[in-house]
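> Sequence and predicted structure are below.
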Amino acid sequence: MMRSALALTVVVLLALSGAAPALAGRNLAVGVNDDAVKSRAGISSVANDLGFGYYRVTQGWQPGQTEPSASDVASIGDAVRNAGPQKILLNVFGRASAAPRSASSRAAYCSYVSSLLDRFPQIREVNIWNEANLSYFWKPQFNRNGSSAAPAAYEALMARCYDTIKRRHPSVRVITSISPRGNDKPHARSNVSHSARNFIAKMGQAYRRSHRRARIFDAWGQNVYGSTSREHPWVRHRFDIGQGDYPRLLSYLRSAFRGTRQPIPGQKDVRLWYLENGFQTRVGPKRSFYGNSETERALVAPAGGLVSQASQLTDAVRLAYCQPAVGGFFNFLLADEPSLRGWQSGVLFADWTSKPSYQAFKRVIAEVNSRRVDCAKLKTRIKKLGGRPGF
């Protein structure tokens, strides 16, 4: 889950998988998130070495803004330039209290996004807002009487942006963004939020009430962090959505949109994109490059032992490859955040030296790019460790 409202996120995408099991892993995108693509001119050499193909770049938006400022254009321009051969997925959002809930604010936001695409035709994917089921990113989640508010408002934003973007940029892929966790408690003291199940169901209800005859998304963007960094990627949950909950997530989307004009992942060209996942590591001898104190207890070693970042990341990428409706997997981050209160889930330390997990990530990306992932072998591994493959 992104930890700051306007944090720039750079994420790798490796395109789309097919709807049938025989197509699993076809052009799957694997990648990382990192702010540095806007400022680090040599970052493309790392991306080229690892083998990933996309960066996901987050851009801030202000209420009423319909055109990017000169600084906005310069910032995205730097990202495009520094990315080199890698592509950009653009994610635009603002303060939670500024979430576009009225017709006029939706029009302004969608115009802003489309205007950025006008200036940067290289960008072919756009992510609408961020984790809209959390009050950290979207307020209000519920009305004063406790009734649901955010899902219908987000559905309206997706519809408006889809139409605005497609009129001028018909080939741009429009993507949602949902958190894996939510509590469905309108009066909670903190983290007022919707679970993925209820958010998706209520988005579907709003879509049906609108009698819309067109899509609102080309890919369902889902963050899939596990409960801890030590939890295997295939673990299933009762309410949360991790990679292991792939069958349940698809069932939610089927229930929400069955019989409508909105295909679900695996139908037509629509796919499921895992926008964020990550496994936090201990920093060991590199501690002097980090500030503050660690807040996460369930850290893993970068490599070695039964559970490490290397093994977790390898398993997660292979699992995404083998789930036929999945089109992309994105690791958060490329290099660790320098504050230990943030995330240390990169394959580079904060000083940009390689972790022992770097080579493992590189190898699994090469497996994906050459379509050499053995899904039968992965099933055997999951069962041996007491899990259920779910693909």
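Cool, got the structure. The structure displayed is predicted, hence computed values, not measured ones. Residues are numbered from 1 along each chain as shown.

> host element of the closest residue to residue 67 other than its chain neighbours?
The shortest distance from residue 67 to any residue other than its chain neighbours is 5.0 Å, reached at residue 115 (C-beta to C-beta, 6 or more residues apart in numbering). Yep, even glycine has a C-beta here, placed from its N, CA and C like the rest. Assessed by DSSP states H and E, residue 115 sits inside helix 103-119.

> Run through the neighbouring helices and strands of the lowest-mean-pLDDT helix or strand in the chain.
Within the chain, no helix or strand scores below strand 29-33, which has a mean of 81 by mean pLDDT, DSSP states H and E. Applying 3 or more C-beta pairs under 8 Å, 6 or more residues apart in numbering; DSSP states H and E, we find strand 29-33 packed against strand 54-60, strand 326-332, helix 357-369.

> That strand to helix 357-369, inter-axis angle?
On the basis of axes from the mean of the first three to the mean of the last three C-alpha atoms, to 10 degrees, strand 29-33 is oriented at 150 degrees to helix 357-369.

> Residue 65 is in contact with the residue nearest to residue 67, correct?
No: the pair residue 115 and residue 65 does not pass the contact test of C-beta atoms under 8 Å, sitting 9.4 Å apart.

> All the strands of the stretch 51-200 of the chain, residue numbers only.
54-60, 87-93, 125-128, 173-175 (DSSP state E, counting those that start in this stretch).

> For the third one, which helices and strands make contact with it?
Packing contacts for strand 125-128, counted by 3+ C-beta pairs under 8 Å, 6+ apart, involve strand 87-93, helix 103-119, helix 150-168, strand 173-175.

> Export these as JSON lines, with columns for mean neighbour count, distance to residue 270 and mean pLDDT.
Below are the helices and strands packed on strand 125-128 laid out as JSON lines (neighbours: other C-beta atoms under 10 Å; distance: least, C-beta to C-beta, whole Å; pLDDT from 0 to 100):
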{"stretch": "strand 87-93", "mean neighbour count": "24", "distance to residue 270": "16", "mean pLDDT": "93"}
{"stretch": "helix 103-119", "mean neighbour count": "19", "distance to residue 270": "20", "mean pLDDT": "98"}
{"stretch": "helix 150-168", "mean neighbour count": "21", "distance to residue 270": "12", "mean pLDDT": "98"}
{"stretch": "strand 173-175", "mean neighbour count": "24", "distance to residue 270": "10", "mean pLDDT": "97"}
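
> Redo the ones you listed as JSON lines? Include distance to residue 34.
Formatted as JSON lines, those follow (distance: least, C-beta to C-beta, whole Å):
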{"stretch": "strand 87-93", "distance to residue 34": "13"}
{"stretch": "helix 103-119", "distance to residue 34": "20"}
{"stretch": "helix 150-168", "distance to residue 34": "25"}
{"stretch": "strand 173-175", "distance to residue 34": "19"}
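
> among those, which is nearest residue 288?
Nearest to residue 288, of all the helices and strands packed on strand 125-128, is strand 87-93, at 32.3 Å by C-beta to C-beta.

> and the direction of the closest one versus that of strand 54-60, what angle?
Relative orientation of strand 87-93 versus strand 54-60 (the same axes, to 10 degrees): 30 degrees.

> Report all helices and strands that strand 87-93 contacts.
Short answer (3+ C-beta pairs under 8 Å, 6+ apart): strand 87-93 packs on strand 54-60, helix 70-83, helix 103-119, strand 125-128.

> Quick one: these as a markdown table, columns for distance to residue 225 too.
Shown next, in a markdown table, are the helices and strands packed on strand 87-93 (distance: least, C-beta to C-beta, whole Å):
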| stretch | distance to residue 225 |
| --- | --- |
| strand 54-60 | 15 |
| helix 70-83 | 24 |
| helix 103-119 | 26 |
| strand 125-128 | 17 |
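
> Nearest to residue 184, out of those?
That would be strand 125-128 among the helices and strands packed on strand 87-93, by C-beta to C-beta, at 22.5 Å.

> Quick check: can you name the pairing partners of the closest one and their directions?
strand 87-93 (parallel), strand 173-175 (parallel) (DSSP bridges).

> For that strand, what does the pLDDT average out to?
Averaging the model's pLDDT scores along strand 125-128 yields 96.

> what bits of the stretch 1-150 of the chain have low per-residue confidence?
For the stretch 1-150 of the chain, the stretches flagged by pLDDT under 70 are 1-26.

> go again using 50 as the cut-off
Residue ranges of the stretch 1-150 of the chain with pLDDT under 50: 2-25.

> still on that earlier bit, same list as before, the strands of the stretch 51-200 of the chain that is, but in TSV and with distance to residue 209 included.
Listed next are those as TSV, based on distance: least, C-beta to C-beta, whole Å:
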stretch	distance to residue 209
strand 54-60	31
strand 87-93	25
strand 125-128	20
strand 173-175	21
